[in-house]
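**Q** Sequence first, predicted model second:
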Amino acid sequence: EAGVAQSPRYKIIEKRQSVAFWCNPISGHATLYWYQQILGQGPKLLIQFQNNGVVDDSQLPKDRFSAERLKGVDSTLKIQPAKLEDSAVYLCASSLDRGPETQYFGPGTRLLVL
Amino acid sequence: AQSVTQLDSQVPVFEEAPVELRCNYSSSVSVYLFWYVQYPNQGLQLLLKYLSGSTLVKGINGFEAEFNKSQTSFHLRKPSVHISDTAEYFCAVSRMDSSYKLIFGSGTRLLVRP
């Protein structure tokens, strides 16, 4: 069974530029998550989708971050414009459904904002 | 609100020695409890989870954890570690309601020495 795929794996941009990350969850998984993991910290949930609807985006900085999951499968996370403090690893995860289901994580995208 | 505390940022241990990684949580509602492991340059992988029932939970790779409600703890243990156990370990909680959002601790780096 294929795992959660993410691209790119690494990205370096300058502040005020825009960047987009892509995630393809495990086939059949209804729930998709985007996390931000700053160096030395645990992952922090940015947004959670159930199929193509948003369940929780309370910690998403909506003035610069946006995410979509069209057709309820793959998803993109965008930052525009980027700030220095956005340097982090962005992790995508998926689970079969909502609830205390096991979340399966992708390898992450490491973003460096200069 | 929920919070997770992992007091030890790094735990060095010799190969074949026992290890305990500590996790304490705070929550006004009942929670589910999880331990995830993150190997270098990889995504997080579930080690074990407590949903209900027996307070002693066994997971993969010989790890186990015990839920202690009175002490609000969920410590992770392994009787004999291997070099390959060197990784970052994250404790997490999620609410037992419609939210199910995972809240992670800051992580403990387990460093196994020969």
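**A** Cool, got the structure.

**Q** Quick check: residues of chain B near chain A?
**A** B:4, B:32, B:36, B:41-46, B:49, B:51, B:90, B:92, B:94, B:96, B:98-102, B:104-107 (Cβ under 8 Å from any Cβ of the partner chain). Placement of C-beta: from N, CA and C, glycine included.

**Q** Chain A: helices as residue ranges?
**A** Secondary structure of chain A (DSSP state H): no helices located.

**Q** And the residues of chain B next to chain A, which of them are buried?
**A** Among those, those buried by neighbour count (16 or more other Cβ atoms under 10 Å in any protein chain shown) are B:4, B:32, B:36, B:43-46, B:49, B:90, B:92, B:94, B:96, B:100-102, B:104-105, B:107.

**Q** Could you report the neighbour count for B:S28?
**A** If you count neighbours by other Cβ atoms under 10 Å in any protein chain shown, B:S28 ends up with 8.

**Q** show me the contacts for it.
**A** B:S28 sits next to B:A1 when contact means Cβ atoms under 8 Å, 6 or more residues apart in numbering or on different chains.

**Q** Leaving out chain neighbours, which residue sits closest to B:A17?
**A** B:V81 (6.3 Å; Cβ to Cβ, 6 or more residues apart in numbering or on different chains).

**Q** And the residue nearest in space to the middle of chain A, how far from A:Q103?
**A** Nearest residue to the geometric centre of chain A (Cα atoms, centre = their mean): A:W34, 2.9 Å. Per Cβ to Cβ, to the nearest Å, A:W34 is found 12 Å from A:Q103.

**Q** Next to chain B, which bits of chain A? Give me the list.
**A** A:3-4, A:33, A:40-45, A:48, A:56, A:91, A:93, A:98-100, A:102-108.

**Q** By neighbour count, sort out the buried ones in those.
**A** A:4, A:33, A:42-45, A:48, A:56, A:91, A:93, A:100, A:103-108.
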